[in-house]
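Trainee: sequence plus predicted model, see below.
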Amino acid sequence: ESLRDIDQVLATFQALLKIASIDSGLLREAFQPVDLVPLINDAVDFMEPVADAREQPLQISLPEHAHLLGHRDLLFQLLINLLDNASNAIKFTPVGGRIRLALASQGSSWQLTIADSGPGIPEAEHQKVFDRLYRLDATRQTPGLGLGLSLVQAVTTLHQGSISLSAAATETRLPHEQEGLCIAILLPKS
């Protein structure tokens, strides 16, 4: 029990250090041209076994290419966090639920959206979930550090992007599905 507690403290500390280093902006010096499309495909391949085990098909809509200037490893971490726990996509979407990930051109930005058919996040909590170590009451018994969306926001800010939360679009929801959550991230094109 105490070893698990120590591991939890260390994981939290490492995650907070990572966020602090992202917040410093120094990692911008490591920016390179990145194509988001293969990065998204890699993240989906990495997370697909978890989604498959919960019978949650990942529906993906991507352009042929999506070039931007960025930090490849941090963008990959952002994608993993979104698919794993930050968006409630795999952890909290019920067995048989759906997860939709799309990337599209929107003016001078790329818009990445991930929507699920899970329980969603109450609108009053939308800004709080970006706070470090904040966890919704419904997720307190689920493993996690409460840093998923904090890291996503830090990476988005580092890339001079923006992030927003909303209920998933009702027109794509099946009758038995919950409201779900949609996270939209805008990242500047290169």
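Mentor: Great, that's in hand.
Trainee: hey, where'd the helices end up in the protein?
Mentor: 2-23, 36-53, 72-81, 148-158 (DSSP state H).
Trainee: could you identify which of those has the lowest mean pLDDT?
Mentor: Here the lowest mean pLDDT among the helices of the chain goes to helix 2-23, at a mean of 66.
Trainee: my guess is Pro33 contacts Leu69. True?
Mentor: Yes. Using Cβ atoms under 8 Å, Pro33 is in contact with Leu69, at 6.1 Å. For the C-beta atoms, the positions are set from N, CA and C on the backbone; glycine is no exception.
Trainee: which residues are common contacts for those two?
Mentor: Ser190 (Cβ atoms under 8 Å, 6 or more residues apart in numbering).
Trainee: the more surrounded of the two?
Mentor: Taking other Cβ atoms under 10 Å, Pro33 and Leu69 do not tie; Leu69 has more neighbours (15 against 10).
Trainee: check contacts around that one.
Mentor: By Cβ under 8 Å, 6+ apart, the contact list for Leu69 reads 31-34, 188, 190.
Trainee: among these, which one has the most neighbours?
Mentor: Among the contacts of Leu69, the one with the most neighbours (other Cβ under 10 Å) is Val34, at 20 neighbours.
Trainee: and the residue lying closest to that one once chain neighbours are set aside, what is it in contact with?
Mentor: Once flanking residues are discounted, Val34 sits nearest to Gly70: 4.7 Å by Cβ to Cβ, 6 or more residues apart in numbering. By Cβ under 8 Å, 6+ apart, the contact list for Gly70 reads 31-32, 34, 159, 187.
Trainee: out of these, who's nearest Pro57?
Mentor: Proximity to Pro57 was ranked across the contacts of Gly70 by Cβ to Cβ; first place goes to Leu187, at 25.4 Å.
Trainee: my guess is the closest one contacts Leu112. True?
Mentor: Yes. Contact criterion Cβ under 8 Å: Leu187 and Leu112 qualify, at 6.9 Å.
Trainee: overlap in contacts of those two?
Mentor: Common neighbours of Leu187 and Leu112 (Cβ under 8 Å, 6+ apart) are Leu36.
Trainee: phi and psi next, for His159.
Mentor: phi -90, psi 10 (degrees, to the nearest 10).
Trainee: roughly how far apart are it and Ile22?
Mentor: Remark: distance between His159 and Ile22 (Cβ to Cβ, to the nearest Å) = 10 Å.
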